[in-house]
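>>> A predicted structure for the sequence below; I have some questions about it.
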Amino acid sequence: MIRLENVSKRYANGHYGVIDVNLEIRRGEFLFLVGPSGAGKSSLIRLLYREEVPTSGEIYLDEFRLSQLRRGQVSRLRRQLGVVFQDVKLLTNRTVYQNVAFAMEVVGASSRDIHKRVPQVLELVGLSRRRNNYPHQLSGGEQQRVGIARALVNNPVYIIADEPTGNLDPETSFEIIKLLNEINRRGATVIMATHAKDIVNQMHKRVVAVENGRIVRDEARGAYGYEP
Ligand SMILES: Nc1ncnc2c1ncn2[C@@H]1O[C@H](COP(=O)(O)OP(=O)(O)OP(=O)(O)O)[C@@H](O)[C@H]1O
């Protein structure tokens, strides 16, 4: 479970990313984070994967207390989390297979495990036939699938995605959401910040809306609720 208690983030320039946020996310949930531009979605996402730490308040993620991680806990935490970005940032000189394998190499996985796991994940995201292609040979949707495979490969408990469909056309976006939904169905908790109104409205998942750094709405089977 993830629990945010009175979390605020004030940046060095004095701007607040989030203000006094309280939120609980249980394992197995699928949650959309919505809100106008500048509302604080990315700030919240960055706090969740500990790219940032709160100025005040505390975030608990399973056994971790994010503001007070002991040495060695950061890498253990990161293994529980798979992060997906709008801008996929693949390694351009490595193939699809190598990009995904790299995520296992950096956490010290054995080559035996890598050889076993990477093909499984490529199969799951529908990219087995593209395994030897380089990023520039892939469509935007395929590149994002590699991004998702990379996030998934270490079997994280939580998938945290910041506008993963932001660069994709509507049809491709739906393919990516279907994939995230399947991953959620297999047990991962999915937290996704998005402006994709149609997707949110069709999925009937939990929707948490943020405005001016504060949570203003939290609905179990919610709708997007804004005009794009
Ligand atoms: N690194 C930073 N330094 C200073 N201020 C920041 C920083 N990151 C975000 N902010 C400020 O925090 C507030 C929330 O921004 P954030 O990027 O979290 O919003 P968002 O909801 O993700 O927006 P968008 O939908 O446009 O991505 C804004 O006022 C923004 O200017």
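That came in fine, so what should we check first?

>>> Confirm Leu77 sits in a helix?
Yes. Remark: Leu77 belongs to a helix, assigned using DSSP: H, G, I helix; E, B strand; the rest coil.

>>> remind me which residues of this protein are low pLDDT?
228 (pLDDT under 70).

>>> Flag every residue of it that's near the ligand.
By the rule C-beta under 6 Å from any ligand atom, the part of the chain lying against the ligand is Tyr11, Asn13, His15, Gly17, Gly35, Ser37, Gly38, Ala39, Gly40, Lys41, Ser42, Ser43. For every residue, glycine as well, the C-beta is placed using N, CA and C.

>>> What does the fourth one show for phi and psi?
By that I understand Gly17. When read as degrees, to the nearest 10, the backbone of Gly17 gives phi -80, psi -50.

>>> For the residue nearest to it when sequence neighbours are not counted, which residues are in contact?
Nearest in space to Gly17, with sequence neighbours left out and distances taken as C-beta to C-beta, 6 or more residues apart in numbering, is Ser43 at 2.8 Å. Taking C-beta atoms under 8 Å, 6 or more residues apart in numbering, we find Ser43 in contact with Lys9, Gly17, Val18, Glu52, Gly213.

>>> hmm, 10 Å instead?
Contacts for Ser43 (C-beta atoms under 10 Å, 6 or more residues apart in numbering) come out as 7, 9, 11, 15-19, 21, 51-52, 193, 210, 213.

>>> before we move on, what about Glu219?
Per C-beta under 10 Å, 6+ apart, neighbours of Glu219: Phe32, His204, Lys205, Arg206, Val207, Val208, Ala209, Gly225.

>>> Touching, the second one and Ala223? I think so.
Pointing back at His204 there. Yes. Using C-beta atoms under 10 Å, His204 makes contact with Ala223 at a distance of 8.4 Å.

>>> Drop the exposed ones from the contacts of Ser43 and show what's left.
Listed as buried from the contacts of Ser43 are Val7, Lys9, Tyr16, Gly17, Val18, Ile19, Val21, Glu52, Ala193, Val210, Gly213; burial here means 16 or more other C-beta atoms under 10 Å.

>>> just those residues now: which is nearest Phe174?
Ala193 (17.3 Å; C-beta to C-beta).

>>> That concludes my questions; thank you for your assistance.
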